[in-house]
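Peer 1: Give me a model of this one.
(one chain, ligands or ions: 1)
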Amino acid sequence: MGIVEWAFRKSPWILHFNTGSCNGCDIEIFATLTPKYDMERLGALLKGSPRHADLLVVSGPVTRQASGRILRIYEQMPDPKKVVAVGTCCISGGVFSNGGKGSCYNVYPGLDSIVPVDAYVPGCPPKPEAILEGISRVVKKTGVDPK
Ligand code: SF4
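Peer 2: Below you'll find the predicted structure:
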C-alpha cells in the first residue's frame, strides 16, 4: 500500500455537491453525517474544498449549468479520487433527463456523462444506510479499509 493510501486509511474526506436536487437526497446525506448514522465513525469528514477531498458525493439531476462546475471540482481533487452518485436523478437524470426521454432538454442522462462514477446509490431519495454502504464500497475499492 502506497503512502497516500496509507494516509487515507480510515479518513475518506468527502465533498458534497448538489447539482440542483429537490433537497430530498441532501437531507439523507446530512442524516448520514449526523450522530444517528455517524459516518464520522468510519473516519469520513465533510470538507469544503475539492483540494482536501477524496470522495465527491453528488446529488440531484446533472444540468448543463452544473456540468462545468462538476468537472472543475473533479479536476481539482487530488488522486486517488472517487465519485459517488446519490439518488435516481443523479444516476440517470430520472424523470428530468431528455436523453432518457424525460421532460428537460438541459439535464444529462446521469453523472457518468460528465465524470467517472465509482458507486451508484439508487433511490428517491436513498436511505442513509444505502448511502453509507455506497461510500463504504468505494473506500474498499481504493484499498482503504473502513473497519
Ligand atoms: S432522486 Fe428524488 S429525492 Fe433525490 S433529488 Fe431526485 S427527486 Fe429529489
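Peer 1: For stretch 42-62, list every residue counted as buried.
Peer 2: For stretch 42-62, a neighbour-count test (16 or more other Cβ atoms under 10 Å) marks 42, 44, 46, 50, 53-62 as buried. Quick note: C-beta positions are derived from backbone N, CA and C, even for glycine.
Peer 1: Does that stretch reach the ligand?
Peer 2: Yes - if you take Cβ under 6 Å from any ligand atom as the test, stretch 42-62 does meet the ligand, through 59, 60.
Peer 1: please renumber so the chain begins at 52
Peer 2: That works, and once the first residue is 52, the last one we named lands at stretch 93-113.
Peer 1: now that stretch: mean pLDDT?
Peer 2: Per-residue confidence for stretch 93-113 averages out to 91 on the pLDDT scale.
Peer 1: For that stretch, C-alpha coordinates in CSV please.
Peer 2: Taking C-alpha atoms only, stretch 93-113 is exported to CSV below (Å, rounded to 0.1, in the frame of the first residue of the first chain):
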residue,chain,number,x,y,z
LEU,A,93,-15.6,5.5,9.5
GLY,A,94,-13.3,8.5,9.5
ALA,A,95,-15.3,10.3,6.9
LEU,A,96,-15.4,14.0,7.2
LEU,A,97,-17.3,16.6,5.2
LYS,A,98,-14.8,19.1,3.7
GLY,A,99,-15.4,22.4,2.0
SER,A,100,-12.6,22.3,-0.6
PRO,A,101,-12.1,19.9,-3.5
ARG,A,102,-8.4,20.1,-2.8
HIS,A,103,-8.9,18.4,0.5
ALA,A,104,-11.4,15.8,-0.6
ASP,A,105,-11.0,12.1,-1.6
LEU,A,106,-14.7,11.4,-2.4
LEU,A,107,-17.1,13.5,-4.4
VAL,A,108,-20.7,12.8,-3.4
VAL,A,109,-23.1,14.3,-5.9
SER,A,110,-26.9,14.6,-5.6
GLY,A,111,-29.5,15.9,-8.0
PRO,A,112,-30.1,15.9,-11.7
VAL,A,113,-26.9,17.0,-13.6
